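# Give the three-dimensional model of this entry:
(2 chains)
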Amino acid sequence: MASGSLTSLHVGESQEEGGALVTSVDAVVNWARRNSIWPLPLGLSCCAIEFMATAASRFDMARFGAEVARFSPKQADLMLVAGTLTYKMGEACRRLYDQMAEPKWVIAMGACASTGGMFRSYPVMQGIDHVIPVDYYIPGCPPRPEMVLNAIIHLQKTISEERSHKRLQLTSILGGGEKEE
Amino acid sequence: MSESTSAATGESPQSESPTESAAVQAIRARWGADVDLAEENRGQWRVELRRREPLNDIVDHLVEEPSLRFDFCVDVTALDHYGEEPRFRAVYVLRSMQLREDLVLKVPVPEEDCWAPSLTGRFRTADWLEREAYDMFGITFRGHPNMIRILMPDIFEDHPLRKDFPMEGRMTDQEWAEWIIARAQREEA
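Residues are numbered from 1 along each chain as shown, chains lettered A, B, ... in the order given. Have a look, this model is predicted:
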């Protein structure tokens, strides 16, 4: 196809041969990322039950491409911390987060994961953001499945607005200083 | 059982204190001077001792005596009577499958000499229960093969079920986070 002879097509039109689609890398990469958010559910208490409802047929997380719950951090994009994080569990939580490949996102589901909730006591961490960076906090005790879906929809918007190749290395925030890749 | 006894003697059950169980009588027979109090509560007898030293001998007797056979250790725990002297009580709950009854044994544990006898030589179930009581109250169980914390992390310095322990703990979230991240990263390297 000779250069300079590109013609634009409307929806439904087709070209016999030599067609090209022009877009940006960000648009394609982010389109793929936001529609296949594979969650790693870290179910620590009753919020995990509500997460199961979110994943099951009635609320159906599959509508947003997020139905493939992975129980290996190596295959997951989204860490969904559902429940009360104790200090003793904190190490496991942080290690799972470290083992996830970039790009990765975190949702703190429920009052406990966000702030410690009603547990102002000696074994309970007052919010998971003391050990891992959080993208979205969901209030509620436990939150309705709709609120989890709402957070996922918000996260999809966030992903579409990101520069796909310049994602902030959030991991390093707690290890010392922000940096860009 | 007590009803049939009082019916046999023709006495009203309200007018007298309930007849002590066979286990309590067995303890009184040999360690009468050490028994501070024996009380019944809804069919379960509780024996409070004046000192902790004879506990292992008493338990040995309760287990081996053919008419008693207290062969199961239900629980080992503790109480904090903060402000009183002695401050703690170690509580041992034994069960006799043969008699179908429980027996609670309590021994005093002063704060400055904070130990209690271990039942691990008799009951393997006492192992973790005593570790929990140590973790929560700071009472060392003498004779325990592995007297370390069971619930709280190793860096935790307090004993949280003590009455003078602040509910929210003494370590800040920042201190915990540093410890958690250091551990997570050290073991990965």
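# contacts, neighbours, all on C-alpha from now
OK.
# can you list the weak-confidence ranges in chain A?
The model of chain A has pLDDT under 70 over residues A:1-9, A:11-12, A:14-15, A:17-20, A:166-181.
# Tell me the spacing between the residue nearest the centre of it and A:A113.
Most central in chain A under C-alpha atoms, centre = their mean is A:L78, positioned 3.5 Å from the mean C-alpha point. Noted for A:L78: a distance of 15 Å to A:A113, by C-alpha to C-alpha, to the nearest Å.
# and if you look at A:E13?
Taken as C-alpha to C-alpha, the span from A:E13 to A:A113 is 50 Å.
# Neighbour count: those two, which is higher?
Remark: of A:E13 and A:A113, A:A113 carries more neighbours, 30 against 7, as counted by other C-alpha atoms under 10 Å in any protein chain shown.
# which ones are touching residue 34?
By default, I'm working from chain A. A:155-157, A:159-160 (C-alpha atoms under 8 Å, 6 or more residues apart in numbering or on different chains).
# wrong one, chain B
Residues in contact with B:D34, defined by C-alpha under 8 Å, 6+ apart, are B:49-51.
# all helices for the chain, in order.
Picking chain A for this. A:25-34, A:47-55, A:87-99, A:110-115, A:145-160, A:171-176 (DSSP state H).
# Hmm, no, I was thinking of chain B.
B:2-9, B:22-31, B:55-64, B:126-137, B:173-188.
# Based on its surroundings, how many neighbours for the nearest residue to B:D135 once chain neighbours are set aside?
Spatial nearest neighbour of B:D135, excluding adjacent residues (C-alpha to C-alpha, 6 or more residues apart in numbering or on different chains): B:R149 at 5.0 Å. Residues near B:R149, counting by other C-alpha under 10 Å, number 19.
# if I pick B:R149, what's in contact with it?
Contacts of B:R149 (C-alpha under 8 Å, 6+ apart): B:131-132, B:134-135.
# For chain A, state which of these is nearest.
Looking at the contacts of B:R149 and their distance to chain A, the nearest is B:D135, at 13.0 Å (C-alpha to the nearest C-alpha).
# Please report the distance of that closest one from B:P160.
For B:D135, the distance to B:P160 - C-alpha to C-alpha - is 8 Å.
# Please identify which of these two sits among more neighbours.
Neighbours per residue (other C-alpha under 10 Å) separate B:D135 from B:P160, with B:D135 holding more: 24 against 21.
# tell me the contacts of the more buried one?
Per C-alpha under 8 Å, 6+ apart, neighbours of B:D135: B:148-152, B:159-160.
# With pLDDT added, can I get those in CSV?
Shown next, in CSV, are those (pLDDT from 0 to 100):
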residue, pLDDT
B:I148, 94
B:R149, 93
B:I150, 94
B:L151, 93
B:M152, 92
B:H159, 94
B:P160, 94
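# returning to what we had before: looking at the helices of chain A, which one is packed in the most?
helix A:110-115 (a mean of 27; mean count of other C-alpha atoms under 10 Å in any protein chain shown).
# ok, that helix near chain B or not?
No - using C-alpha under 8 Å from any C-alpha of the partner chain, helix A:110-115 never reaches chain B; the gap is at least 11.3 Å.
# Return the list of helices and strands in contact with that helix.
strand A:78-82, strand A:136-138 (3 or more C-alpha pairs under 8 Å, 6 or more residues apart in numbering or on different chains; DSSP states H and E).
# now those in CSV, with distance to A:V106?
As requested, the helices and strands packed on helix A:110-115 are exported to CSV (distance: least, C-alpha to C-alpha, whole Å):
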stretch, distance to A:V106
strand A:78-82, 5
strand A:136-138, 7
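# ranking those by burial, who's on top?
It is strand A:78-82: most buried of the helices and strands packed on helix A:110-115 by mean count of other C-alpha under 10 Å, with a mean of 26.
# Relative to that strand, what are the paired strands and their orientations?
Strand A:78-82 pairs in its sheet with strand A:39-43 (parallel), strand A:105-109 (parallel), by DSSP bridges.
# deepest of the ones you listed, which one?
When the strands paired with strand A:78-82 are compared using mean count of other C-alpha under 10 Å, strand A:105-109 is most buried, at a mean of 25.
# Relative to the whole chain's centre, how far out is that one?
7 Å (C-alpha atoms, centre = their mean, to the nearest Å).
# by how many degrees do it and helix A:87-99 diverge?
Angle, strand A:105-109 to helix A:87-99, by axes from the mean of the first three to the mean of the last three C-alpha atoms, to 10 degrees: 150 degrees.
# Flag every residue of chain A that's near chain B.
A:87-88, A:90-92, A:94-95, A:120-123, A:125-126, A:130-131, A:175.
# does B:A116 really touch B:R142, like I thought?
Yes - B:A116 is within contact range of B:R142, at 6.1 Å (criterion: C-alpha atoms under 8 Å).
# The two: which has the busier surroundings?
B:A116 (26 against 13).
# which ones are touching B:D158?
Contacts of B:D158 (C-alpha under 8 Å, 6+ apart): B:F165.
# Check the gap between it and A:K74 for me.
For B:D158 relative to A:K74 (C-alpha to C-alpha), the value is 37 Å.
# low-confidence ranges in chain B?
B:1-18, B:187-189.
# Flag every residue of it that's near chain A.
B:152-153, B:160, B:167-170, B:173-174, B:176-177, B:180-181, B:183-185.
# Among these, which pair sits farthest apart?
Spatially, the most separated pair among the residues of chain B next to chain A is B:M167 and B:Q185, at 29.6 Å (C-alpha to C-alpha).
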